[in-house]
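1. Fold the following.
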Amino acid sequence: MKQLGDGTYGSVWKAVNNDTNEIVAIKRMKRKFYSWDECMNLREVKVVFKFSEHILLVIEFGSSVHICQR
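-> The predicted structure follows:
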């Protein structure tokens, strides 16, 4: 993995999917989220879902993980 940038809300990393060798971008948010809806209502997340064809969103809340794929 290689860090591409760091901003106000999080950092973006470049990585390779080991199964498909596809280059992917990973965004790690700096802020903690306490619910799925709280994260999904972020403008940044809405834009990614609107303009991207293939998305895998993984959100960690303490000991539980929520996954959304399109």
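2. Spell out which residues make up each domain of this structure.
-> 1-30, 32-70 (automatic domain parsing).
3. Would you mind giving those domains as a markdown table with mean neighbour count and mean pLDDT added?
-> C-betas here are computed from N, CA, C, even on glycine. Putting those into a markdown table (neighbours: other Cβ atoms under 10 Å; pLDDT from 0 to 100) gives the following:
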| stretch | mean neighbour count | mean pLDDT |
| --- | --- | --- |
| domain 1-30 | 11 | 85 |
| domain 32-70 | 11 | 75 |
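4. separation between the closest residue to G10 other than its chain neighbours and V48?
-> Across the structure, with Cβ to Cβ, 6 or more residues apart in numbering as the measure, the residue nearest G10 apart from its sequence neighbours is M29 (4.2 Å). Applying Cβ to Cβ, to the nearest Å, one obtains 12 Å for the distance of M29 from V48.
5. which residues does the residue nearest to G10 contact?
-> With contacts taken as Cβ atoms under 8 Å, 6 or more residues apart in numbering, M29 has the following neighbours: 9-10, 39.
6. again, 10 Å this time
-> Shown in contact with M29 (Cβ atoms under 10 Å, 6 or more residues apart in numbering): 9-11, 39, 42, 44-45, 59.
7. who does the longest helix seen in the chain touch, helix- and strand-wise?
-> Taking residue count as the measure and DSSP state H as the definition, the longest helix of the chain comes out as helix 43-51. Other helices and strands packing on helix 43-51, by 3 or more Cβ pairs under 10 Å, 6 or more residues apart in numbering; DSSP states H and E, are strand 23-29, helix 36-40, strand 56-61.
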